[in-house]
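Participant: pasting the structure only:
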């Protein structure tokens, strides 16, 4: 199906160049020797199943009911050619699995079964790949913190007003400047890999919170500035993120070099670099991710970040490296009005066009990407009444593209 599509698209790709230049690495960035990366043996057509789906679709289910739901969900995904599932395992320094490190998530209260185990086993038994999806730095809200177990290290850090965890808005975030914090994050990935048969570790765009205040990490930054007075806060935070990514990557490869480690950053590269201190150029050049799934969650007509030029920007990120590109696509926008322009034609792009997802898949493959991924499961298989008709038509186009009709 998708492989046949890739064959003729590859022929088209030979007629034009996919990349157009390359950004040079930051000479001040600490570049380690490139580790071995896993080879992608097949195209990736992925789908995210998030804590939101757990919350909205799986509340109050018995183990038998949840097992049945997982079987149906896998059939649904495979019906449109999905071959890789990004399944939430840790969303808010909590666990959707049986963990000795993080407390069980409050998203699915009062259950006595392991949802991650059931879902991942069901998917893999049907031939799908499963990656455990973690959000490393995002933690609980201020109001939720009082419900954390008393012996949980993050609660102790909060009560001590310890800089290892800091408040931003109404939520706490871990501070990756500290080795103990990075070790905690890595230990969760290791626990998941040791307990479950999975195909990789996946993380998305929750790095530093947007508009992080200077006092978030003022003390540890001041210590580093004593060693290097020329160090900027942006360089410091970016280096911390790079180090966290590297340590996660190395932990995955220690477990099994064939396991994937990948990241889904925000689709606006400038925001990644300047607002959440996540530099995908570094990861690609340093070889610390196997593939990148940028969240290119816009249509072709978007006035600031139109899909195809944004895709081409991301191709420059991985150009000349072993890191593959797998664009993330906004299935949640199907049939939804976008208030992004004075031009209503642009605002109605996801309403008036019922083949956008299929077209974006095709565009991505034409540009040499290793596949695409959809956010998220409910957008296709639990749509709202308002979007259901558009979703049904999108699914027909996707199946036609994949040769499934």
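Facilitator: That came through, no problem. Values in this document were obtained by computation on a predicted structure and should not be read as measured data. Residues are numbered from 1 along each chain as shown.
Participant: what separates residue 191 from residue 113, distance-wise?
Facilitator: Residue 191 is 18 Å from residue 113, where distance means Cβ to Cβ, to the nearest Å. The way it works is simple: take the backbone N, C-alpha and C, and place the C-beta from them, glycine included.
Participant: go on, residue 332?
Facilitator: 28 Å.
Participant: quick one on the thing from earlier: which one's more surrounded, residue 191 and residue 113?
Facilitator: Set residue 191 next to residue 113 and count neighbours by other Cβ atoms under 10 Å: residue 191 wins out with 20 against 14.
Participant: once you drop chain neighbours, what's closest to the residue nearest the centre of the chain?
Facilitator: By Cα atoms, centre = their mean, the mean C-alpha position of the chain lies nearest to residue 204, the distance being 2.9 Å. Setting aside the residues directly before and after it, residue 204 is nearest to residue 264 in space (Cβ to Cβ, 6 or more residues apart in numbering), at 4.2 Å.
Participant: okay, residue 191: pLDDT?
Facilitator: Among the per-residue scores, residue 191 holds a pLDDT of 98.
Participant: repeat that for the one 5 residues further on.
Facilitator: Residue-level confidence at residue 196 comes out at 98, pLDDT.
Participant: C-terminal to the longest helix along the chain, what's the next element?
Facilitator: For the chain, the longest helix by residue count, based on DSSP state H, is helix 233-255. Downstream of helix 233-255, the next assigned helix or strand under DSSP states H and E is strand 260-263.
Participant: contacts for stretch 47-54 next, please.
Facilitator: 73, 77, 82, 84-88, 91-92, 96, 105, 107-108, 115, 119, 133, 328, 373-378, 380, 382 (Cβ atoms under 8 Å, 6 or more residues apart in numbering).
Participant: okay, and which of these map to helices?
Facilitator: 73, 77, 115, 119, 377, 378, 380.
Participant: in the stretch 201-350 of the chain, which spans are strands?
Facilitator: Ranges of strands within the stretch 201-350 of the chain are 260-263, 291-292, 324-325, 328-330, based on DSSP state E, counting those that start in this stretch.
Participant: would CSV of these with mean neighbour count be doable?
Facilitator: Formatted as CSV, the strands of the stretch 201-350 of the chain follow (neighbours: other Cβ atoms under 10 Å):
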stretch, mean neighbour count
strand 260-263, 25
strand 291-292, 24
strand 324-325, 24
strand 328-330, 25
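Participant: closest one to residue 215 among these?
Facilitator: strand 260-263 (27.1 Å; Cβ to Cβ).
Participant: which strands and helices sit next to that closest one?
Facilitator: Judged by 3 or more Cβ pairs under 8 Å, 6 or more residues apart in numbering; DSSP states H and E, the packing partners of strand 260-263 are strand 200-203, helix 233-255, strand 291-292.
Participant: sorry, back to before: which of the ones in helices among the contacts of stretch 47-54 lies closest to residue 354?
Facilitator: Distance to residue 354, by Cβ to Cβ, is smallest for residue 380 among these, at 13.1 Å.
Participant: relative to residue 71, how far out is the closest one?
Facilitator: Using Cβ to Cβ, residue 380 is found at 17 Å from residue 71.
Participant: residue 200 reaches residue 131, doesn't it?
Facilitator: Yes: assessed by Cβ atoms under 8 Å, residue 200 is found in contact with residue 131 at 4.0 Å.
Participant: what do the two both touch?
Facilitator: Any residue near both residue 200 and residue 131 by Cβ under 8 Å, 6+ apart counts here, and that gives 260, 262.
Participant: let me have the strands of the stretch 201-350 of the chain in a markdown table, extended by mean pLDDT and distance to residue 368.
Facilitator: Output for the strands of the stretch 201-350 of the chain, formatted as a markdown table (pLDDT from 0 to 100; distance: least, Cβ to Cβ, whole Å):
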| stretch | mean pLDDT | distance to residue 368 |
| --- | --- | --- |
| strand 260-263 | 98 | 17 |
| strand 291-292 | 98 | 13 |
| strand 324-325 | 98 | 8 |
| strand 328-330 | 98 | 16 |
